[in-house]
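K.L.:
Coordinates only, no sequence provided:
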């Protein structure tokens with residue numbers, strides 16, 4: 001919100017991908033009046049478990065991003081894609097391996113908050129203990145609670 005205030009932007013469009021979608025859910029639940037639309041892509045109200053995140057945090061602390069990069073590539077890219085696009089796969093792997101562990105670890109506490117279900121509790125949704133993965137069926141009540149939050153798009157004449 002500080003960025004929007006600094007840029008003197010009252011209402012903006014937001015698109016959140018993966019963990020960015022979790023941020024979008026938080027923004028929708030806590031500052032909906034600042035957004036014209038919030039688009040959530042490839043995300044869920046809960047991603048992973050505290051144990052999974054803690055294991056990743058430990059691995060990055062001990063071995064840097066190289067310790068987790070290959071596993072990320074395996075989750076992000078299908079085996080068929082990796083086999084048919086080796087150069088692109090190598091580029092993604094290299095990008096991840098070269099990423100700053102400090103930046104990654106700075107985001108980790110937020111992941112722990114979100115995976116604990118706090119985002120759902122803040123939006124008064126009953127989904128804080130959902131099994132993985134969170135499907136649209138579970139997310140629909142939260143989405144319905146935002147139904148009147150965002151104005152309908154203007155129609156052109």
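P.N.:
Great, that's in hand. All figures in this text were calculated on a predicted structure; none of them were measured in a lab.
K.L.:
Would you state the strands of the chain in chain order?
P.N.:
Applying DSSP state E to the chain gives strands spanning 12-17, 35-41.
K.L.:
so can I have a markdown table of these showing mean neighbour count?
P.N.:
Placement of C-beta: from N, CA and C, glycine included. Converted to a markdown table, these look like this (neighbours: other Cβ atoms under 10 Å):
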| stretch | mean neighbour count |
| --- | --- |
| strand 12-17 | 14 |
| strand 35-41 | 16 |
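K.L.:
which one of those strands lies closest to residue 61?
P.N.:
Comparing the strands of the chain against residue 61 with Cβ to Cβ, the closest turns out to be strand 12-17 (25.4 Å).
K.L.:
what does the closest one contact?
P.N.:
For strand 12-17, the external contacting residues (Cβ atoms under 8 Å, 6 or more residues apart in numbering) are 4, 22-25, 27, 34-43.
K.L.:
now do stretch 69-83
P.N.:
85, 89, 92, 93, 96, 97.
K.L.:
So which bits of that stretch are buried?
P.N.:
69, 72, 73, 77, 82 (16 or more other Cβ atoms under 10 Å).
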